[in-house]
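Novice: take this sequence and fold it.
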Amino acid sequence: MTEWIYGRNPVYEVLRAGRRQVLRLLVAEGAQRKGQLLKIIDLCNKINAPVEQAQRTQLDRIQPGNQGLLLEVGDYPYVTLIDILDLPEQRAETPLILLLDSLQDPQNLGTLLRTAEAVGVHGVLLPFRRTATVTPAVVNASSGASEHLLVTQANLAQAIKTIKQLGIWVVGLDNAPDAQPVNRSVLDGPIAFVIGAEGQGIRPLIRKSCDLLLQLPMRGKIESLNAAVAGSIALYLAWQTRGFNS
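Specialist: Numbering: from 1, shown residues only. Reported below is the predicted structural model:
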């Protein structure tokens, strides 16, 4: 199967990452071939991917909000859990992994993938069911960051057992009464953050599997933060605790 990536930055990052099969690029008639569009066309030429002109109405029928171009590509290249667990060792870095438990909103998933890539997360785990996957909408929401990340789909409960066997702490971000305020002393070691679904949070089985539950301190009147916002803050806290290194 193929899909259409839209938006100039997502299309550019898909091509730059070079992990997908690229079938063709559609460019709107009249689009000025300069700036980022010129870079995109140059990348297509380097891999001999066809560049075709099309009417804007044709592009809009395929995908609204396309910014004047569409890239037809193969499926997203998911990896295995082993690929993710091997990466920190290959880089001689302290593991930082992200587990997303049934996150269903594509915008939230895209935001978290963008943050994860920015702070150097070694990989992201998604469950097999009841979750958003890396669709073109998620690629767009991540501004193409998804293309530079290792993402797998796995049974989260089983994956957590494997992760723990390697000495990686599984830390759930949750607003449960037994969750502790974020303590940076646990964030500089090997950790796997678990972020729960919008509204429901982490599922009970996955929550029980966590070594520790943390929550972000709040002084305002609202009860909780958006899952993507809370997860992004936690990832940056972990990266800052590591001295903005591995």
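
Novice: could you use CA atoms for every contact and neighbour count after this?
Specialist: Fine.

Novice: who touches stretch 23-37?
Specialist: 8-9, 12, 44, 49-56, 59, 68-74 (CA atoms under 8 Å, 6 or more residues apart in numbering).

Novice: could you tell me which of those residues belong to strands?
Specialist: 51-54, 69-74 (DSSP state E).

Novice: between the residues you listed, which is closest to A159?
Specialist: G74 (26.9 Å; CA to CA).

Novice: pLDDT score assigned to that closest one?
Specialist: pLDDT recorded at G74 is 98.

Novice: do the same with the one 5 residues further on
Specialist: Looking at V79, its pLDDT is 98.

Novice: this protein: helices as residue ranges?
Specialist: 8-17, 35-46, 56-62, 81-91, 106-119, 136-141, 156-165, 204-209, 227-241 (DSSP state H).

Novice: below-threshold pLDDT in this structure: ranges please.
Specialist: Low-confidence segments of the chain (pLDDT under 70): 184-185, 246.

Novice: of all the helices of the chain, which one comes closest to E147?
Specialist: That would be helix 8-17 among the helices of the chain, by CA to CA, at 5.8 Å.

Novice: out of the contacts of stretch 23-37, which end up buried?
Specialist: 8-9, 12, 44, 49, 51, 54, 56, 59, 68-73 (16 or more other CA atoms under 10 Å).

Novice: what residue of the chain is the furthest out?
Specialist: Residue farthest from the centre of the chain, counting by CA atoms, centre = their mean, is G30 at 33.5 Å.

Novice: nearest to N155, of the buried ones among the contacts of stretch 23-37?
Specialist: Out of those, the member with the shortest distance to N155 (by CA to CA) is V73, at 27.3 Å.

Novice: report the beta-bridge partners for that closest one.
Specialist: E3, V22 (DSSP bridges).

Novice: does it really touch L15, like I thought?
Specialist: No - if you go by CA atoms under 8 Å, V73 and L15 don't touch, sitting 9.7 Å apart.

Novice: joint contacts of the two?
Specialist: The contact sets of V73 and L15 overlap at V22 (CA under 8 Å, 6+ apart).

Novice: so P136 makes contact with V11?
Specialist: No - P136 lies out of contact with V11 (CA under 8 Å); the separation is 10.0 Å.

Novice: between those two, tell me which one has more neighbours.
Specialist: Using other CA atoms under 10 Å as the criterion, P136 and V11 rank with V11 on top: 27 against 22.

Novice: wait, the more buried one touches G144, no?
Specialist: Yes - between V11 and G144 a contact is recorded at 7.1 Å, counting by CA under 8 Å.

Novice: returning to what we had before: from T162, how far out is the residue farthest from the centre of the chain?
Specialist: From G30 across to T162, the span is 53 Å (CA to CA, to the nearest Å).

Novice: go on, V194?
Specialist: 15 Å.

Novice: could you chop the chain up by domain?
Specialist: 2-74, 81-241 (automatic domain parsing).

Novice: just those domains: most buried one?
Specialist: domain 81-241 (a mean of 19; mean count of other CA atoms under 10 Å).

Novice: ends of that domain, how far apart?
Specialist: Termini of domain 81-241 sit 25 Å apart (CA to CA).

Novice: cool, and stretch 207-214?
Specialist: 11 Å.

Novice: for the remainder of this discussion, apply numbering that starts at 29.
Specialist: Got it, the first residue is 29 from now on, which makes the last one we talked about stretch 235-242.

Novice: what comes into contact with it?
Specialist: With CA under 8 Å, 6+ apart, stretch 235-242 has contacts from 185, 188, 197-203, 206-211.

Novice: recalculate using a threshold of 7 Å.
Specialist: 197-202, 207-210 (CA atoms under 7 Å, 6 or more residues apart in numbering).
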